[in-house]
Structure formats: C-alpha cells, structure tokens
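> sequence below, structure please.
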Amino acid sequence: MGSEGPPAVTIHVTGFKKFHGVSENPTERIVSNLKEYMKTKGMPKGLILGSCTVLETAGQGALASLYQTLQSAISEKDSEASSSSASIYTEIAGLHLALQKAGKYILELHFGVNSGAIRFAIEQQAVNEATFRCPDEMGWKPQKVPIIPADGEISRVRKTSLPVEDITKALVKKSYEVISSDDAGRFVCNYVYYHSLRFAEQNGTKSLFVHVPLFLTIDEETQMQFAASLLEVLASLY
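You can find the predicted model right below:
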C-alpha cells in the first residue's frame, strides 16, 4: 500500500437528536458516549475514531452539520487545502486518492433509530426520495420529492460499496441480533444516507448506515457493545 505501518481507517460517526414520537433517541447517547467507551474498551488496531456528531433530525438541518463534518475531516488531513468552494471537491478527491495510496481511508458511519425494530439493521442502500411520514424537527414534510433533483427520478438508488452481508454475518457471529436491509425508509435517515453515499461515491470515501432499536428493546450497554463490535468489524476490512 506504500505505507510503513498497517492500513489505517478513520471513522467519523453521526447519530440523531429526538424527533416526533421519539423523545429520547438512543443514537444520540451512543454517539455522545462512544469515544469514552472506546477508550475504556480499547481501540481496534488500525482504527482512528474521528468526529462523533449528533445531527438534528431534519433534512436540511442535518445536512448542514453533515457536510461540515465531512469537510472538517478533510481539512484535518490537509492543512494546506483551499477554502474556495469552486475547487473543494477537486481537492477532496485528490486528497482521498493520496490517502488511499498511503494506506489510509475515511469512512462515514451513521446511526439512526427505528422505533419499531427488534434488532439491528445494516442498510445496503438509500433512495432518492423524501417522503416524510411526519414533519421533521424543522417542520418540513416533503412528499415524493427527489432528495437531489440532479440525480433524476425518486426511484434512483445509491448503494454502499462496503460488503454489507459480510459485515452482518460477522456481527451475527458475535451473537448480536442483526440483519442486512435494503430499505432505510424515506425519512431523515434515508435522506442523510443518500447524501452521504453520493459524497462517498464522488470523493473516494465509504459510507454506511445502521438502524438500531430503542433502548427499551435492546438495552443501552448492549447497544454500546454492538457499536464497538461494529467498529472492530469495519476496521478489519482494511
């Protein structure tokens, strides 16, 4: 790989705040506590835990923080990067190519809650459709609206380049109740995932979305253990 040490992957993690019908979002607690938890448990070899960001459960509100997180991750790796918006995507793509040649990778890991779920779900894809069953936390309730109009119809699908089935099997072997899924819904989770997958495809990074149940269904400690195990599995891919 051209590097003197083992490949290193930097994983940036996001979760969500509360929203209609979910007064306490488990992903807010998971993401807020993840760095401290991993310090206690021990970080997997070759893994750097980057930013841990809690997003607003709102389409545009989430995107502002999401893209800030993505661009902050890039600027940390390249202190000489220009701030010009006209050249930012060219610079990002060039930087990722250089990082990969050096055996370094960037992955965006997103956690969201499915209040009706009884197990964890690794999401394979997102759809270019925003059809919110209830208003988001900024009062927006789109119906059959393309998330990115330039991508075309609302039936357009973007898939993660990560091996979802292999990740799922590895976590099942660790005794977690987990499935692979090809439907991330049409709410803010899908909205954020679609943007993240598009960014990843254009800039040579990776993106993955994971749905978790409520703490009433799977307790907080088990969910923290799951998050740590997921990081371990992802690090093993590099």
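> and the next element down the chain from the lowest-mean-pLDDT helix or strand in the chain?
The helix or strand of the chain with the lowest confidence, counting by mean pLDDT, DSSP states H and E, is helix 88-101 at a mean of 49. Following helix 88-101 in sequence order, the next helix or strand is strand 104-113 (DSSP states H and E).
> tell me the strands beside that next one, with direction?
Partner strands for strand 104-113, per DSSP bridges, with pairing direction: strand 8-16 (parallel), strand 206-212 (parallel).
> out of these, flag the one nearest residue 31.
When the strands paired with strand 104-113 are compared by CB to CB, strand 8-16 sits nearest residue 31, at 3.5 Å. For the C-beta atoms, the positions are set from N, CA and C on the backbone; glycine is no exception.
> out of the strands paired with strand 104-113, which is the most enclosed?
Each of these was scored by mean neighbour count; the highest is strand 206-212, a mean of 24, by mean count of other CB atoms under 10 Å.
> could I have the CA atoms of that one written out in CSV?
Taking C-alpha atoms only, strand 206-212 is exported to CSV below (Å, rounded to 0.1, in the frame of the first residue of the first chain):
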residue,chain,number,x,y,z
LYS,A,206,-17.0,5.0,2.3
SER,A,207,-20.4,5.3,3.9
LEU,A,208,-22.6,3.0,6.0
PHE,A,209,-25.9,3.5,7.8
VAL,A,210,-27.1,1.3,10.7
HIS,A,211,-30.5,1.3,12.3
VAL,A,212,-30.8,0.5,16.0
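> what is the mean pLDDT for it?
For strand 206-212, mean pLDDT rounds to 97.
> got a list of contacts for it?
Here strand 206-212 makes contact (CB atoms under 8 Å, 6 or more residues apart in numbering) with 26-27, 30, 105-114, 117, 120-123, 126, 160-162, 164, 167, 181, 184, 189, 192-193, 196-197, 199-200, 218, 223, 226, 230, 234.
> sort out for me which of those are in strands.
If you go by DSSP state E, the contacts of strand 206-212 have 105-113, 120-123, 126, 181 in strands.
> closest to residue 50 out of the residues you listed?
For these, the nearest to residue 50 is residue 106 (8.0 Å; CB to CB).
> test my guess that the closest one contacts residue 205.
Yes: contact status for residue 106 versus residue 205: in contact at 4.6 Å, counting by CB atoms under 8 Å.
> which stretches of the protein have low pLDDT?
1-7, 70, 72-103 (pLDDT under 70).
> all helices for it, in order.
For the chain, applying DSSP state H gives helices covering 26-41, 59-77, 88-101, 164-173, 188-203, 220-236.
> just these: most buried one?
The most buried one of those (mean count of other CB under 10 Å) is helix 188-203, showing a mean of 22.
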